[in-house]
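Engineer: here is a sequence together with a model predicted from it:
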Amino acid sequence: MAGGNFNLKKVNLLLIPLDQAKELKLDFLLALLAEIFQIKANLGRPLKIPAEAYNYRRGQYNSSYILKRLGSILNLATNEKALLIADVDLYAEGLNFVFGEAEINGSLAIISVTRLRESFYGLPENEEIFQSRVKKEAIHELGHVFGLRHCSSSRCVMYFSNSLADTDRKSWNFCPRCLSLLKSTCD
């Protein structure tokens, strides 16, 4: 198991698809996240991406804006965390794109599956590669929600993915240091 045993039993995680992401089959992700973080994971009701998050000049959606707007709408309880799943191209200020973003020590994170697909790069789809990338990005962003920062180990799931090659190279496991930090923040 990538996560280990920590004290998160009372945390309820909601996976919330945004717009067209509601068409995705997310069972593989629900089960994995529940096991890794030792939490209850459920599929939440789909939500709409706020139209104002779209930047016409860039042709992308601002992930920070989405987190802020939907965070106020969701109004999560103290024992709830949510992972928003988008199927649009995301960016954050100062970056060309992001695979995801999270509130460090917060309750909310977002990932986009758009750039995780082989077809985004003109290649034939590969479901195994796609699911592996989605798992890594979801675990990474939830690691932030549970207080972890980026890791310098290129194999750790908490390593910053500046490119898809970084995502493909890293594992979906926490390195011993990040696992220890995660356990200490959850006890």
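Structural biologist: Okay, I see it.
Engineer: can you pull up the most central residue in the protein?
Structural biologist: Among the residues of the chain, A138 comes closest to the average C-alpha position under Cα atoms, centre = their mean, at 3.1 Å.
Engineer: other SSEs contacting the helix or strand where L14 lies?
Structural biologist: Following DSSP states H and E, the helix or strand that holds L14 is strand 12-17. Judged by 3 or more Cβ pairs under 8 Å, 6 or more residues apart in numbering; DSSP states H and E, strand 12-17 is in contact with helix 27-37, strand 40-43, strand 80-86. In short, each C-beta sits where N, CA and C put it, glycine included.
Engineer: for the longest one, buried residues please.
Structural biologist: Spelled out, it's helix 27-37. 29, 32-33, 36-37 (16 or more other Cβ atoms under 10 Å).
Engineer: now swap in stretch 10-18 and tell me
Structural biologist: Residues 11-18 are the ones in stretch 10-18 that count as buried (16+ other Cβ under 10 Å).
Engineer: save those as a markdown table, and put in pLDDT and distance to C151 too.
Structural biologist: Putting those into a markdown table (pLDDT from 0 to 100; distance: Cβ to Cβ, whole Å) gives the following:
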| residue | pLDDT | distance to C151 |
| --- | --- | --- |
| V11 | 84 | 22 |
| N12 | 89 | 26 |
| L13 | 94 | 22 |
| L14 | 94 | 26 |
| L15 | 96 | 24 |
| I16 | 95 | 26 |
| P17 | 95 | 28 |
| L18 | 96 | 27 |
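Engineer: so how far is the lengthiest helix in the chain off the chain centroid?
Structural biologist: In the chain, taking DSSP state H as the definition, the longest helix is helix 127-145. Put simply, helix 127-145 sits 6 Å off its chain's centre (Cα atoms, centre = their mean, to the nearest Å).
Engineer: then stretch 174-187?
Structural biologist: Relative to the centre of its chain, stretch 174-187 is centred 18 Å away, using Cα atoms, centre = their mean.
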